[in-house]
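Chemist: When you get a sec, could you give me coordinates for this:
(one chain, ligands or ions: 2)
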Amino acid sequence: MTDATLRAEARTVALRWDDGTSTEFPFIWLRDNCPSGFHPDTGERAFDLLSVPEDASPAAVRLGEGVLEIDWAGEAHTSRFDTGWLRANRPGRPADDPADTPYLPWRADMGAAGIPRVAADAVLRSDAALADWLRQTRRTGLSIVEGLADSPEAGQEVARRIGFLRETNFGRTFQVKSKPNPNNLAYTADALPLHTDLPNQELPPGFQFLHCLANEAAGGGSVFADGVAIAEDLRAADPDAFALLSTVSIPFRFHDDDCDIRRRQTVIRLDETGAVSEVCYNAHIAGIFDMAPEVLGPYYRAYRRFMAATRDPRYPVELKLSAGEMVVFDNRRVLHGRAAFDPSTGYRHLLGCYVDRGEFESRMRILARAGHGG
Ligand code: OGA
Ligand code: ZN
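Modeler: Numbering: from 1, shown residues only. Ligands and ions are numbered 1, 2, ... in the order given. Alright, predicted model coming up:
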């Protein structure tokens, strides 16, 4: 860093960096982020922002070797900032985040051969392999772990390498097979058109893990499609439909004897930059549309357009899982489905669980701390 200038009228300290660029740090931001205000053990903010006036101002600013010192007017307090920390946290841009790795939208031409694959024992034994697998799974939103033990614990064991499991009304893990008295279409032998799981939840589960224990029945192939690709193509082709699907929420509902879980969601969800961050689409648990009559017409047009896109051969990638494989996908981005199967021709059994996005991203950051990725 070359110099620090106190700019009283702008109420900022301007820092000029070695590369010639400069950053304005507002006084109140500097006061709020004084390193002494963070608990030495927990790193949590212990400082009470209301203990200083909103117009807190430096009396003096000094730039030393890698340190910016500020004496505060009206307080017997000096803040000492590491200049590297100031650069990394400079206002006006998000701080670097090793979990913020890029998404790569994909379509049918990726083919099943393009789905990233990793060996279960590599992920279980090696942090480097785990980090690499997480990055690839975030990039594509989809991957396959192969070589799992023929045990109902094997899928969870891999999922727990990332973080704790997300429990839902279907349990901490769930058995996907044809069952008597099913409370979910997944527990029949019927086809499941492309969908995301549990948009009726306050927070739909993040990453989904489906460990294939047996897939001997005729039929039962899996299908996946990238919701980000579908939504971005819709934005380009039909901006009005995209606008409705990303702003008008619809009710989703699951109910059985034990629960009645409802939530409104927009089918397409955007982040603050306007990029598609999420898709919530499940025709089976969509509730009764309750928008005003004048909205229903245009909304149905937009919704049917999205629905038609989920059946467009441009998007799906198909494969039939084999015993010992586990498919892993971001349930809030990648839609999944399956073909009908005939239980009289053989056994089909998948074991599922979820790990939310927050735990997934946390693991990426912890692995990056140890030098694995970022
Ligand atoms: C599910 C599901 C797919 C399958 O359980 O949510 O979509 O292949 N299962 O059975
Ligand atoms: Zn599902």
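Chemist: Residue 335 and residue 196 touch, don't they?
Modeler: Yes: the criterion here is Cβ atoms under 8 Å, and residue 335 meets it with residue 196 at 5.8 Å. Heads up, the C-betas are built off the backbone N, CA and C, glycines and all.
Chemist: who touches both of the two?
Modeler: Between them, residue 335 and residue 196 share these contacting residues under Cβ atoms under 8 Å, 6 or more residues apart in numbering: 227, 279, 281.
Chemist: just the strands in the stretch 1-150 of the chain please.
Modeler: 3-7, 12-16, 22-26, 58-64, 67-72, 78-82, 117-119, 142-146 (DSSP state E, counting those that start in this stretch).
Chemist: Just the CA atoms of the fifth one, as CSV, please.
Modeler: Backbone C-alpha positions of strand 67-72 (Å, rounded to 0.1, in the frame of the first residue of the first chain) are rendered in CSV as follows:
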residue,chain,number,x,y,z
VAL,A,67,-0.6,-1.6,9.4
LEU,A,68,-3.1,1.2,9.3
GLU,A,69,-3.6,2.9,12.7
ILE,A,70,-6.5,5.2,13.5
ASP,A,71,-7.0,7.3,16.6
TRP,A,72,-10.7,8.0,17.1
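Chemist: Please enumerate residues in contact with it?
Modeler: Strand 67-72 is contacted by residues 1, 4, 13, 15, 30-31, 52, 56-63, 77-83, 86 when judged by Cβ under 8 Å, 6+ apart.
Chemist: go again using 7 Å as the cut-off
Modeler: Contacts of strand 67-72 with the rest of the structure, by Cβ atoms under 7 Å, 6 or more residues apart in numbering, involve 4, 30-31, 56, 58-62, 78-83, 86.
Chemist: List buried members of these by neighbour count.
Modeler: Among the contacts of strand 67-72, those classed as buried by 16 or more other Cβ atoms under 10 Å are 4, 30, 31, 56, 58, 61, 79, 81, 83, 86.
Chemist: Those: which two are farthest apart?
Modeler: With distances taken as Cβ to Cβ, the most widely separated pair in the buried ones among the contacts of strand 67-72 is 56 and 83, at 20.6 Å.
Chemist: Okay, and the beta partners of residue 342?
Modeler: Using DSSP bridges, the bridge partners assigned to residue 342 are residue 218.
Chemist: Same check on residue 23?
Modeler: Residues in beta-bridge contact with residue 23 (DSSP bridges): residue 15.
Chemist: got it, and residue 337?
Modeler: residue 223.
Chemist: That one and residue 223 touch, don't they?
Modeler: Yes: using Cβ atoms under 7 Å, residue 337 is in contact with residue 223, at 4.6 Å.
Chemist: Which residues are in contact with each of the two?
Modeler: Common neighbours of residue 337 and residue 223 (Cβ under 7 Å, 6+ apart) are residue 194.
Chemist: and the residue nearest to residue 324 when sequence neighbours are not counted, how many neighbours?
Modeler: Spatial nearest neighbour of residue 324, excluding adjacent residues (Cβ to Cβ, 6 or more residues apart in numbering): residue 148 at 5.1 Å. The tally of other residues near residue 148 (other Cβ atoms under 10 Å) stands at 23.
Chemist: residue contacts, residue 148?
Modeler: Each residue near residue 148 by Cβ under 7 Å, 6+ apart is listed here: 120, 154, 155, 211, 324, 326.
Chemist: Which positions within stretch 44-53 qualify as buried?
Modeler: Applying a neighbour-count criterion of 16+ other Cβ under 10 Å, one finds 47, 52 buried in stretch 44-53.
Chemist: who touches it?
Modeler: Residues from elsewhere that reach stretch 44-53 (Cβ under 7 Å, 6+ apart): 31, 32, 34, 37, 38, 39.
Chemist: now swap in stretch 20-38 and tell me
Modeler: With contact meaning Cβ under 7 Å, 6+ apart, stretch 20-38 is reached by 10-16, 44-47, 49, 52, 54, 56-58, 70, 72, 79-81, 86, 90-92.
Chemist: restrict those to those near ligand 1?
Modeler: Filtering those for neighbours of ligand 1 using Cβ under 6 Å from any ligand atom leaves an empty set.
Chemist: and the gap between residue 218 and ligand 1?
Modeler: Applying Cβ to the nearest ligand atom, to the nearest Å, the value for residue 218 to ligand 1 is 14 Å.
Chemist: And the helices in the stretch 1-150 of the chain, which stretches?
Modeler: 27-32, 83-88, 120-125, 127-140 (DSSP state H, counting those that start in this stretch).
Chemist: Show me what from the protein comes close to ligand 1.
Modeler: Those residues of the chain that sit near ligand 1, judged by Cβ under 6 Å from any ligand atom, are 176, 186, 192, 197, 222, 336, 338, 350, 352.
Chemist: And for the fourth one, nearest residue in space, chain neighbours not counted?
Modeler: Just to be clear, that refers to residue 197. Spatial nearest neighbour of residue 197, chain neighbours left out: residue 331 (5.2 Å); criterion: Cβ to Cβ, 6+ apart.
Chemist: Look up phi and psi at the one you found.
Modeler: Per-residue torsions, residue 331: phi -60, psi -10 (degrees, to the nearest 10).
Chemist: ok, how many other residues are close to it?
Modeler: Applying other Cβ under 10 Å, I find that residue 331 has 27 neighbouring residues.
Chemist: How about the one 5 residues further on?
Modeler: Residue crowding around residue 336 was assessed by other Cβ under 10 Å; the count is 19.
Chemist: Mind pulling the model confidence for it?
Modeler: We have a pLDDT of 98 for residue 336.
Chemist: Report the contact partners of the residue in the chain sticking out farthest from the centre.
Modeler: Largest separation from the mean C-alpha position in the chain: residue 74, at 45.2 Å (Cα atoms, centre = their mean). By Cβ under 7 Å, 6+ apart, the contact list for residue 74 is empty.
Chemist: where's it relative to ligand 1, distance?
Modeler: The gap separating residue 74 from ligand 1 is 61 Å, by Cβ to the nearest ligand atom.
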